[in-house]
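Novice: any chance you could fold what I've pasted below:
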Amino acid sequence: MGASRSSRATGTHREDELRATANESFKAEPAPSGSFIAEGDSFSRAPLNSRLPPVSPHRVTIAARTSSARLEAHRVVHEDQDGELTYTDREFSDEEEEQIEESFREVVERKREGLDKESLEGLDPDLQEALVCEDLLFVLMGIEGQYIEFDPLYNPEDEFERLQGAQFMIDPNLDPWLASAVARFIPIATYYTSIQTFVEQYSDLSQGVINHALCAAIREMLREYLVLLAQLEHQFNTSPTFTLQRFWYYLHPTLHTLSLIHSLTSDLVLLNLPSDDDDSSSGSTNSSDSSLGGGGDEGLRAVLAEMKGAAAGIRSSSRWTAATGPAKGGEVLAVLASKLERTSGDPTARELYTTLLLRASQPYVAILVAWVTTGQLADPWDEFIVKETKGITRGSLDVDFNDEYWERRYTLRDKAAKKGAKAGESHRARGLSAGAIVPAFLDPWKNKILLAGKYLNVIRECGIEIKPPEDVALVRADGGLVAMNDEAFFKRIDNAYTYANRTLLQLLLSEQLLLTRLRSLKQYFFVEHGDAITLFLDLAKYELTKRSKNATVTKLQSLLELALRGSSSSAADPFKDDLTVVLHPSTLTEWLVKVTSVDGAFGGKDEGQDALGNGLMDHKTQDNPNIKASEAFTFDYRVRFPLNLVISKKTVVRYQLVFRYLLQLKLLERLLADAWTDQTKTPIWRQRSKYPELEQWKSRVFALRARMFAFVQQMFGFAVAEVLEPNWRALEAKLSKVETVDQLLQDHVGFLDDCLNSLLLTTNEKILKLHNKMITCCEMFAAYTITFTKALLLATKTADHAGAWSPSFYEKQWDMLEKFEKNFNHHFETFHQIVGYTASRENPSLLPLHVRLEHLKMPRPE
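Specialist: So this is what the prediction gives:
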């Protein structure tokens, strides 16, 4: 018992001693004479760093309370004989004594520095005003104060809530008129913390250089704001006339400026958040009332309610969405330009957004200037409207049918927009974000920006030095900032486009001799000079009759070179050595059916889709092993960069289609001509037979052969005279007036597509197969001429030996002839009707063919 009393006395004495030390230690230093805070003890003299985490006032208070709890934990409850409870202190260990001493030292230190919260109950209003003024100096920098604390619903560790801004609540014991005055400052603190968080997060490297520039501009504005707070703190510490009203007088212009910046940053942040159907605003009014401590201006209440509603909407969202990525690049500039346009009636907003747009756009200007003046694209964060496809190079132009170097290596990002988008939908709703969006003032110029860089890129890859004239330079000579939404800037873009276009056109037409190249292509692929083709077909007649897999391409190439040098029309061509021989793995009809079966063939439904190349690639695995060399034979043409932009694989394939069609007709014409020659050389055909029925059969053979020969000649004549030559003259006329390289490419491809369409090669599968049946019928008839000749000789000898003619002698040949006639007449009539229908409804250019075939129709029996 004595030991316990002794320990209790020792503990009590030690506790009293520490408390006395704490009271003596807290002696506030005198304030400067005449200071606003000279009266009474206050924590307003505390240094700034003592208010910063991790030594948060709330954390220290909790720690102090925890220390007191530890002291209470050492007390032991006893019940005496009368039933009364008594408390005794148990004996402390050395470690526990050290903890108690440390806790008291902490309390002493905080009391000395004035960091412990003083109760506002019973305090003079002037002293309350001094306390909240000092609190505001910290709250306006986002630091929690003593009497203006974070809202319990606000979590400073949540990055989403920090981006919306810190939410504060005022001590309810503050006088109502002071609470109303303090409430006017709260939105400024909320805006500042939101903007500061935006600057911290969007200054990350992955956010792109446009956001970096924007954050740098905003950071400078925040620095001016902090300088203003430092000046006001100096006034607070030195001026006896500094009051809360004067505080608001100096600070209230900043409210509008920060609200404008906050509106911009919120719009940028919300672009990357899930849409919430405006349900976040519900339930926000009640929480805003509590933040005002029961008083304040209704307008400020509405502002706080709106900000709390946005924060609640974010809290209700489960996670940050990255479906389309954060706002960066051109999208940031588009948001700035949109805000500048919508707030043009507010001088402050106009000046602010103009400054931010000017500063944020400088990296974009640098990328744009490099692109339109040198053809180099330096856009590591995908912020520019032009996109480069790295996998497409100029080397692939010679090997890949699907390659579209010109169309797909450099493209506009907004081409990836979702199809079927409704009018008025946002960019994000249409699948566009970041660099795929351009400011409204640059939208009319984006195509010229794309083409100017593409033109110069081609010139640069040719090894030609680019020296744009002075009027093309887009940077100011004094190194100042360049305004993108200025007429002078637009004029520079137009000058850069004109220079690039003119330079590349001159390179193609003058130095690369494009027109001469096209004439060379026309000469060979359109069989313009028949002597060279005729000589080649005579020399390669035996080789072309072989199976394609047995034919030798090297031998055919040698025969072609021999024919070209032996032809008077081709010997003078300087580009004849660029013509080569290839054997295609399928027949013309099989090839065309494959191509026309692809959706959007020949520039149809899907823009930018090379359906012709896709058809070719799909057909590579379905080679025809029984194809003859004459059916697989075609030409190829070799050109180097940059001519292969115009004479690309895609266009050469179209030339090949025309050539194979003409060659097919040419070979069939030669077969029918050879059949006629054989018949005229054979006496049994040339001499009149003494058997009338046999003579009638011969006449019908001659008539069918003549109709087939005329059909082939009319088809060939229509192709050359009515399709190829007129379209070629139209192309030459267009090229003489062409002003842009893109127009040149479109005119060239359009010329070939018109030719293919007029030749019925790309119309539909039914016409292709019908035409093929007619060609096959003619070929079989020409090949069957030898059989007819043998049968005619045999029938004549049999009749002479029998002394009379019997129909049984020639019944089989009559049946065969009737099959040929029926087959050809049926397909010819169907083909003629389809041509007439197409000419009247879809393609008027087929009308001359319909007229040419009219006289070949068989007269109907009366």
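
Novice: so how far is Asp382 from the residue nearest the centre of the chain?
Specialist: Compute the mean C-alpha point of the chain, and by CA atoms, centre = their mean the closest residue is Arg413, 3.0 Å away. Distance of Arg413 to Asp382, given as CB to CB, to the nearest Å: 8 Å. For every residue, glycine as well, the C-beta is placed using N, CA and C.

Novice: that older thread, now do the same for the residue nearest to the centre of the chain: its pLDDT.
Specialist: The model reports Arg413 with a pLDDT of 86.

Novice: give me the nearest residue to it, chain neighbours excluded.
Specialist: Ala436 (3.7 Å; CB to CB, 6 or more residues apart in numbering).

Novice: what about the one you found, neighbour count?
Specialist: 24 (other CB atoms under 10 Å).

Novice: surely it meets His427?
Specialist: Yes: using CB atoms under 8 Å, Ala436 is in contact with His427, at 7.5 Å.

Novice: before we move on, back to that, intersection of neighbour lists for Arg413 and Asp382?
Specialist: Common neighbours of Arg413 and Asp382, using CB atoms under 8 Å, 6 or more residues apart in numbering, are Ala434, Gly435.

Novice: so where's the stretch 151-300 of the chain uncertain?
Specialist: 273-300 (pLDDT under 70).

Novice: overlap in contacts, Ala436 and His427.
Specialist: Glu331.

Novice: count the neighbours of Lys690 for me.
Specialist: For Lys690, the count of nearby residues is 11 (other CB under 10 Å).

Novice: dump the residue contacts of it.
Specialist: By CB under 8 Å, 6+ apart, Lys690 has no neighbours at all.

Novice: tell me the spacing between it and Leu792.
Specialist: 13 Å.

Novice: next: Asp151.
Specialist: Using CB to CB, Asp151 is found at 110 Å from Leu792.

Novice: can you pick out the residue with more neighbours from these two?
Specialist: Leu792 (21 against 17).

Novice: longest helix in the chain, please.
Specialist: helix 649-681 (DSSP state H).

Novice: that one: how far from the chain's middle?
Specialist: 46 Å (CA atoms, centre = their mean, to the nearest Å).

Novice: pull out the buried positions in stretch 125-145.
Specialist: By neighbour count on 16 or more other CB atoms under 10 Å, the buried set for stretch 125-145 is 127-145.

Novice: and for stretch 626-637?
Specialist: So stretch 626-637, judged by 16+ other CB under 10 Å, has buried residues Ile627, Lys628, Ala629, Ser630, Glu631, Ala632, Phe633, Thr634, Phe635, Tyr637.

Novice: check which helices and strands the helix or strand containing the fourth one sits against.
Specialist: Translated: Ser630. Following DSSP states H and E, one finds Ser630 within helix 629-632. For helix 629-632, the elements it packs on are helix 541-544, judged by 3 or more CB pairs under 8 Å, 6 or more residues apart in numbering; DSSP states H and E.

Novice: switch to 10 Å and redo it
Specialist: Contact partners of helix 629-632 among helices and strands, from 3 or more CB pairs under 10 Å, 6 or more residues apart in numbering; DSSP states H and E: helix 541-544, strand 579-583, helix 588-596, helix 649-681.

Novice: now do the contacts for the residue nearest to the centre of the chain.
Specialist: Counting by CB atoms under 10 Å, 6 or more residues apart in numbering, Arg413 makes contact with 329-330, 382-387, 432-438, 446.

Novice: and it, its phi and psi?
Specialist: When read as degrees, to the nearest 10, the backbone of Arg413 gives phi -70, psi -30.

Novice: and if you look at Ile148?
Specialist: Dihedral angles (degrees, to the nearest 10) for Ile148: phi -120, psi 100.

Novice: any idea how far it lies from Thr516?
Specialist: Relative to Thr516, and taking CB to CB, Ile148 is found at 83 Å.

Novice: these two touch, right, Leu539 and Arg565?
Specialist: No: counting by CB atoms under 10 Å, Leu539 stays clear of Arg565, with 11.7 Å between them.

Novice: give me the more crowded residue out of those two.
Specialist: More crowded of Leu539 and Arg565, by other CB under 10 Å: Leu539, with 17 against 12.

Novice: I'd like the distance between the more buried one and Phe525.
Specialist: 19 Å.

Novice: repeat for Gln146
Specialist: Counting by CB to CB - Gln146 and Phe525 are separated by 89 Å.

Novice: sorry, back to before: after the longest helix of the chain, next one along is what?
Specialist: helix 683-686.

Novice: that following helix: what's the following helix or strand?
Specialist: By DSSP H and E, the next helix or strand past helix 683-686 is helix 692-717.

Novice: name the helices or strands packed onto the helix or strand following that next one?
Specialist: Note on helix 692-717: by DSSP H and E, the next helix or strand toward the C-terminus is helix 725-737. If contacts are counted by 3+ CB pairs under 10 Å, 6+ apart, helix 725-737 sits against helix 514-525, helix 741-758.

Novice: and these: which comes nearest Gln235?
Specialist: helix 741-758 (65.1 Å; CB to CB).

Novice: got the angle between the very next helix or strand once past that closest one and helix 692-717?
Specialist: Tracing the chain C-terminally past helix 741-758 and defining elements by DSSP H and E, one meets helix 765-783 next. Angle of helix 765-783 versus helix 692-717, following axes from the mean of the first three to the mean of the last three CA atoms, to 10 degrees, is 130 degrees.
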